[in-house]
Structure formats: C-alpha cells, structure tokens
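J.: kindly generate the corresponding structure for this input.
(one chain, ligands or ions: 3)
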Amino acid sequence: MTTPQLAERDTRTVKIVRGACPHDCPDTCALQVSVQDGIAIKVQGDPDHPPTHGALCTKVSRYTERSYDPTRVLTPLKRSGPKGAGQFTPCSWDEALDSIATRLKAIAARNPEAVLPYSYAGTMGLVQGDGMAARFFHRLGASLLDRTICASAGGTALTAAYGGKLGMHTEFFAESRLILIWGSNSIASNLHFWTFAQQAKRAGAKLVCIDPRRTETAEKCHQHIALLPGTDGALALGLMHELIHHDWLDHDYLARHVEGWPALRERALQWPPERAAAVCGISADDVRQLARDYGTTKPAAIRLNYGMQRVHGAGSAVRLVAMLPCLTGAWRHRAGGLLLSSSGWFPPARNDAWLQRPDLLAAVHGERLPRTVNMSTIGDDLNREATAAFGPRIEALVVYNSNPVAVAPHSGRVVQGFLRDDLFTVVLEHFLTDTADHADFVLPATTQLEHWDAHTAYGHTYALLNEPAIAPVGQCKSNAEIFRLLAARMGFDEPCFGDSDEAMARGAFKPDWVDPVRLAAQGWVRLNLPDAPFAEGGFATASGKAMAAEQGVAPDHVPNHECAAATPELAQRYPLAMISPPARHFLNSTFVNVPSLRAAEKEPRLEIHALDAAARGIASGDTVRVFNDRGSYLCKADVSVRARPGVVNGLGIWWRKFGINGTNVNELTHQQLTDMGRAPSFYDCLVDVAPAAAA
Ligand SMILES: Nc1nc2c(c(=O)[nH]1)N[C@H]1C(S)=C(S)[C@@H](COP(=O)(O)OP(=O)(O)OC[C@H]3O[C@@H](n4cnc5c(=O)[nH]c(N)nc54)[C@H](O)[C@@H]3O)O[C@H]1N2
Ligand SMILES: Nc1nc2c(c(=O)[nH]1)N[C@H]1C(S)=C(S)[C@@H](COP(=O)(O)OP(=O)(O)OC[C@H]3O[C@@H](n4cnc5c(=O)[nH]c(N)nc54)[C@H](O)[C@@H]3O)O[C@H]1N2
Ligand SMILES: [Mo]
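T.: Ligands and ions are numbered 1, 2, ... in the order given. Predicted coordinates for the structure are as follows:
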C-alpha cells in the first residue's frame, strides 16, 4: 500500500486527529494527523503544545511511510522453517490465538513462572505498553520482567539523590545562562530540548557539551569536553573540589536542604582538578574553567541524559552530578537545576493499579511474588537450566514493543537462546525484525495511527492522549486487543479483561490531576507543578532533603568494568573503548527498515580517530572488523573528528540482518550490570579494530 500524495487529494475533506508520538524519546510530541478517506496522509507537530511547538523530527514526520510500508506484517504468521530462519506462513487469528493459548496453558499448568513477558518501549503508551498486557501476565502469574535496559541506573541514582525521577521543566532551559549538556546528543535524541537551548544561546547563554563523541550537538556548543566514557563521576568530583576551594557554594541551601554534605565534601577534597583530569583524559584547565563557569553563572542548568549512565559506575556518577545544583543552590531559580528525567512527576496522576492490576498476581501466587528476570541479561537467562536460585527454565517468551535480538547486550548469547528448539516464542510486531524472525508465531500489531493510547513523558511534564486516526491496517490488532483475546481463550473471566482500549486510555489519568475534558479537546494537559520545584528544598526523599551521602558514605568514581584501571590485561589486548550511541535517523532499532531513513544512515559505521586508524592501516570507507572475546562485527570505518583518540563510536542500533555479516554492535557488548539499578553497561566495552581483509 502506498500513501497517496497530498497534492492529488481534495484538501476540503481532510480531518485532523490528535495524537501523541509513542516513541522512546524524552520529547513525547503532540501530533496532528491529517486523514482523508480513511488514509493518514500527513503527521505534524502540534504548534500549541509548548514542548513540541509544531516541529517533528525527521523520523516521526515519516510516520505514515512506516505505517503503510509494504513490508509490514498484516496477518498472523506461524513458523514454517527452522527456528530463527524467518520463514512463516500466514494463518488465521483463531488458529494463532488458539495455538498460543493451548501452549501457554500447558506450560502454566506446570509452572506459570516458566512464561516470561519481554517488552520495553516500542510504544511508551500506558494502554499498549503495560496496560492490558500487564493484567494478562499478572493473572497468568508469569515471571516478572525487570525493565532495566535503558534508564534504571540513572533512575535509581536520581531517586537516591532526590527521591524520584524529578527535575526541571524543559521549557525553562530557555532562560538559563549556562547549560551543561551532559551525556546527551540533544540534536539527535532530544531535539525539542535543543530548541530551548538555542533560545538560551541566542540570549547569551553559554552551552557546554560533555560527551566523548564530537556529536552534532557538541559542534554547536561553545565548548566540548570530550572525556573518556565512564569518567563522569570523576569530573563531577573535580568540579566539586573547585566549588569548595573557591567557595562558590550556597551554604544556606546546603545546610537546609542537603543531607550528607560533610561526607561528600570530604570525598570531593580528594579530587583536585589534576586527578579528575587524568582519569577523564582531559586537561586540568578544562575542569577549572568548567567549575568557574558553573560556580559563578546564575541560573545554571544541567541537561543530564541517559547516554552517560551505560557504564559500570553509572549510578555513582548520576548521584554525584545530581549534587552539583545543590552545592551552588542552582535549584533556587526555575531556569537552574537539573533534568535527567521528569517521569517521576507522573505517578500520582496515573491510574496504574487499575491499568496494570498487580493485585491479580495474588490469585496465582498468594502473598509471594513470582521471580523476576532482568531483561538486560536475557542472553544468559534464556540459556539457563532450572536451579533453585533461578527458578524454572524459561519455556515461553512473549515479546511486544521490543526487539531484544538486536538491542540486548551480548547478542551472540541472545541469539543462542532464541534459537532453542524447546522455547515457545510469540512476537507482537509491525515488522519482521531480528526478534520476530525467531518467533513461533508473529502477531500483527497496530501502530499509533491505528489505536487509542495515553502518554506520560520523561522529558517534559504534559500528559497526552492518542486517538486512532485510521482503522487498523490489514488484519492488525492492538496489543491490548491481542491480550484481551488471549485472556478470553485462557479462561480469564475478570471484568477487567473486557475494558476497551478507549476506556483504558480515557481512564489512564486521575481526573483531579488531568482534566479528561481538556485532555480530549486539546490532546494534552500540563501537570500542575511548581515552576522551580526544589527552590525551597522539598525533595521527595524521606527527609525532604537531597541525599549527598547514604549512611555517611558519599559516592565515589567507579571505573568501567572494562578499562586499563580495572582490567589491565584486557586493555592491552583490546585497547579501544567503544561506545554505541544511536544513529540520528534511527530510534534504537526502530526505523532501520524504513528505506529513506536507512538510506540516510547508509551503512553500519564505526567512527575512529585518525591516529587510531593510521596505527591500524585503516582509511575511511574500509570495511573493518571490530572485535573482542565476545565476537566480531563488520562495518565501515569513518575516520572522523567525531571520535577522540582511544574511543571508537559504533553507531547503533542496526538490525542484524541489514549488517554486513549479519551482526550488529551488540555482538560486542557484555551483560555486566551497573553499580545501581541492575542496568546494562553498553558503553563500557573494550574492542580492537582491524581492516576486514586481515580477518
Ligand atoms: N534519534 C534518536 N533519538 C533517540 C534515540 C535513538 O535511538 N535515536 N533513543 C531514545 C532513547 S531509548 C533514549 S534512552 C534517549 C537517549 O538519549 P541520550 O540520553 O541523549 O543518550 P544517547 O543519545 O544514547 O547518548 C547521548 C550521548 O552520550 C554520549 N556518551 C556515551 N558514553 C558517555 C559517557 O560515559 N559519558 C558522557 N558524558 N557521555 C557519554 C554519547 O556519545 C552520546 O552522544 O534518546 C531517545 N531518542
Ligand atoms: N549497543 C547499544 N544497545 C542499546 C542501546 C545503545 O545505545 N547501544 N540503547 C538501549 C536503549 S536506551 C533502549 S531503550 C533499548 C531499546 O530497545 P527496544 O525497546 O527493544 O526498542 P526498539 O529497538 O526500538 O524496538 C521496539 C520495537 O517495538 C515495536 N513496536 C512499536 N510500537 C509497537 C506497538 O504498538 N505494538 C507492538 N507489538 N510493537 C510495537 C517496533 O516495531 C520495534 O521493533 O535498546 C538498548 N540497546
Ligand atoms: Mo532508552
């Protein structure tokens, strides 16, 4: 199916439907979908929604192209070839749902914990994410999934520091005089924040980017500090040292609103700029200058982002950076403070207990909770036998809103698990992704244009509603409808399995927080929150204070799992640190199959500094082998100033099947977890690179 051109159509009959961008991105844009004759012809940003201000990214402005893509899965499919071969034959919904229910019932009769749901943020919607699906798996008594793959190191750390995933309003960055863009390629992955940063820049603010990679964002800032991956905690401590030394401290704020400052002060005094600089691989003058700017400019704001928390010491680093605005009292101003995530503002507004029904677990397990499997170690866990500690072997996996074969670390292990003949795998998808290729059944899911949903955000403070703009394409059904139909076949007769998608979307928020009439009419409603949330302290911790230390112990810099300091022998064999941040035209592994966006990215690429390239006889455009003990990955070398010496940038996340040798960058990453939050450490990875010919 193709999208007819707007010009060929009669614009008088175009209707506008309000929606929300479903993707895993801090911006959660308010959408306006133009529909004519039942066909979505254009997706635009809502000009009235302050964070969206009428603009969309390149990816989502192609949303119709993705929804009407001719390769979309439009009927249920059942496997007709060997596991993982991606060979399927179409089947009816009845056949697919009956077979799946029969299989899940048989496994659950032995032990429901042998069934594992696997989902992440393909859509961030409260209904098509973990709404009806959560009800289904709770009622089944399936294993719980620890959804750690993205943000749980930083989220846990921020909660330790502030009591929740709480921070500044994105709009007020426009009024800041100094903005540290820290571990964020905002132009690529937080575009709408960048607009506010630009406003601040035009008004005279200084922008500093702290990132190992010279990103498009770093290029447009006044200063770029290209530290080594995983050294942010050391930098924060070095900055604190200088703030103390020059007395750029807000003593009143520290005394009234911060707990544990003496321990943190003592820690920071152990980190003079020279020590921090040596760890970070930058100059001591950079540390001094940044501290001076941060200590003397008001209001100063930090846009911390998840790119800096995919390393071993992620949690400690976030706790340390989160203390900077407490030392200087930057929180006193609405344009000062820090934003890592705003998602913690939403829970009081959400009807989670009703949407997800965790109480249904008790019907199966009584007081006991089922075991929890960490999504970040799915590679190892799929390959585990039953043990007392682990529980039963995973016998069935139901994947929705995620593409673990491409995105989970150490994909060699993940693939090995998905290839198990005795594993029953169901994948709800739009496309035949690397994961869907490994399914026993693929169920065709609707896109955001075709279903109801309700959305929160993690980069702003507005609730949004998504109305379906068009009827489901082909035989597609929404995730919620699929789980509703499966529930009926499983014999789950609780009334909650009869709630419609629309009822769930409209009921997702508490009316005293989000006025349902305004939400329906406008498509979005701002939460009623103070402009400067911590101007007078009032953190969400037990004491109401920001926590600089826990039980008298302040965080310290924690070196990477893989680095010269922690693993010298490994660092000799694999001297390059590899990070794998997103390619600008992809969203994790979503959009890799959209031809125009893949054409923009051309091919899987590794950015490498000229010195590292020359030492290996590598030129731009060469096919190179990137390797370590876990595997090897072929891609094209890009000898580029975007890479600093000693660090290579393997842009992600390609589908394996579009890769040069059927792999992607996660062939090289490992499953070791972060110091807090049980998260993966994708950007904590040693490799070496060689011309492919030498392989
Ligand atoms: N276009 C696009 N947008 C996206 C995404 C996407 O894939 N593509 N992904 C979405 C998702 S799921 C998320 S979680 C967010 C992520 O958005 P961000 O939090 O901004 O994270 P990344 O873009 O992964 O990484 C940001 C930057 O961190 C840098 N970085 C890597 N290691 C370190 C380090 O140790 N220290 C510091 N200081 N910086 C480091 C990387 O070079 C990168 O430029 O973006 C969302 N938006
Ligand atoms: N090396 C490396 N690995 C990484 C990262 C990195 O920076 N480097 N980033 C990590 C991060 S931050 C994250 S968040 C994870 C992301 O991991 P995932 O959440 O798995 O994200 P995607 O790869 O975008 O896959 C989402 C899938 O959901 C599908 N989908 C979208 N909407 C719907 C729907 O309504 N119904 C159904 N059934 N399916 C839908 C899409 O088609 C897509 O295939 O990857 C992580 N992996
Ligand atoms: Mo993410």
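J.: Leu104 belongs to a strand, doesn't it?
T.: No - assigned with DSSP: H, G, I helix; E, B strand; the rest coil, Leu104 falls outside any strand and is helix.
J.: and for it, the neighbour number?
T.: As a burial measure, Leu104 scores 24 neighbours (other C-beta atoms under 10 Å). Using the backbone N, CA and C atoms, a C-beta is placed for each residue, glycine as well.
J.: which ones are touching it?
T.: Contact partners of Leu104, counting by C-beta atoms under 8 Å, 6 or more residues apart in numbering, are Val115, Leu140, Ala396, Val398, Phe424, Leu486, Met490.
J.: of the residues you listed, which belong to helices?
T.: Among these, the members falling in helices are Leu140, Leu486, Met490 (criterion: DSSP state H).
J.: what is the nearest of those residues to ligand 2?
T.: Leu486 (13.1 Å; C-beta to the nearest ligand atom).
J.: thought that closest one was touching Ser99?
T.: No - using C-beta atoms under 8 Å, Leu486 is not in contact with Ser99; the gap is 11.0 Å.
J.: compare those two (neighbour count), which wins?
T.: Shown here are Leu486 and Ser99; by other C-beta under 10 Å, Leu486 has more neighbours (23 against 18).
J.: not counting residues beside it along the chain, what's closest to the residue in the chain that ligand 1 sits nearest to?
T.: Per C-beta to the nearest ligand atom, Gly307 is where the chain lies closest to ligand 1, at 2.2 Å. Nearest non-adjacent residue to Gly307, counting by C-beta to C-beta, 6 or more residues apart in numbering: Gly183, 4.1 Å away.
J.: contact partners for the one you found?
T.: Listed by C-beta under 8 Å, 6+ apart, the contact partners of Gly183 are Ile210, Asp211, Asp232, Leu304, Asn305, Tyr306, Gly307, Met308, Gln309.
J.: what is the strand ranked longest in the chain packed up against?
T.: Secondary structure of the chain per DSSP state E: the longest strand is strand 631-639. Under the contact criterion of 3 or more C-beta pairs under 8 Å, 6 or more residues apart in numbering; DSSP states H and E, strand 631-639 touches strand 605-608, helix 610-615, strand 623-628.
J.: that one vs ligand 2: in contact?
T.: No - interface with ligand 2: strand 631-639 contributes nothing (C-beta under 6 Å from any ligand atom), its closest point being 10.5 Å away.
J.: any idea of the angle that strand forms with strand 623-628?
T.: Per axes from the mean of the first three to the mean of the last three C-alpha atoms, to 10 degrees, the angle that strand 631-639 makes with strand 623-628 is 130 degrees.
J.: avg pLDDT for strand 631-639?
T.: Average pLDDT, strand 631-639: 97.
J.: strands paired with that strand, and their directions?
T.: strand 605-608 (parallel), strand 623-628 (antiparallel) (DSSP bridges).
J.: export the ones you listed to JSON lines and tack on mean pLDDT and mean neighbour count?
T.: Formatted as JSON lines, the strands paired with strand 631-639 follow (pLDDT from 0 to 100; neighbours: other C-beta atoms under 10 Å):
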{"stretch": "strand 605-608", "mean pLDDT": "98", "mean neighbour count": "25"}
{"stretch": "strand 623-628", "mean pLDDT": "98", "mean neighbour count": "22"}
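J.: rebuild those as a markdown table, extending it with distance to Cys57.
T.: Shown next, in a markdown table, are the strands paired with strand 631-639 (distance: least, C-beta to C-beta, whole Å):
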| stretch | distance to Cys57 |
| --- | --- |
| strand 605-608 | 20 |
| strand 623-628 | 28 |
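J.: can you give me the helices for the stretch 51-200 of the chain?
T.: Residue ranges of the helices in the stretch 51-200 of the chain, as given by DSSP state H, counting those that start in this stretch, are 63-67, 93-110, 132-140, 152-162, 186-189, 191-202.
J.: could those helices go into TSV alongside distance to Arg79 and mean pLDDT?
T.: Output for the helices of the stretch 51-200 of the chain, formatted as TSV (distance: least, C-beta to C-beta, whole Å; pLDDT from 0 to 100):
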stretch	distance to Arg79	mean pLDDT
helix 63-67	25	92
helix 93-110	11	98
helix 132-140	22	98
helix 152-162	33	98
helix 186-189	35	94
helix 191-202	39	98
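J.: OK, contacts around Ile533?
T.: Ile isn't right for residue 533; it's Pro. Shown in contact with Pro533 (C-beta under 8 Å, 6+ apart): Leu166, Gly167, Met168, Trp331, Gly337.
J.: from these, which two are the most distant?
T.: Across the contacts of Pro533, the longest distance by C-beta to C-beta is 10.9 Å; it joins Leu166 and Trp331.
J.: can you list the domain ranges for this structure.
T.: With domains defined by automatic domain parsing, the chain comprises 77-150+351-448+472-508, 153-340, 568-694.
J.: hang on, the earlier thing: near ligand 2 too, which of the ones in helices among the contacts of Leu104?
T.: Checking the ones in helices among the contacts of Leu104 against ligand 2 (C-beta under 6 Å from any ligand atom), there are no matches.
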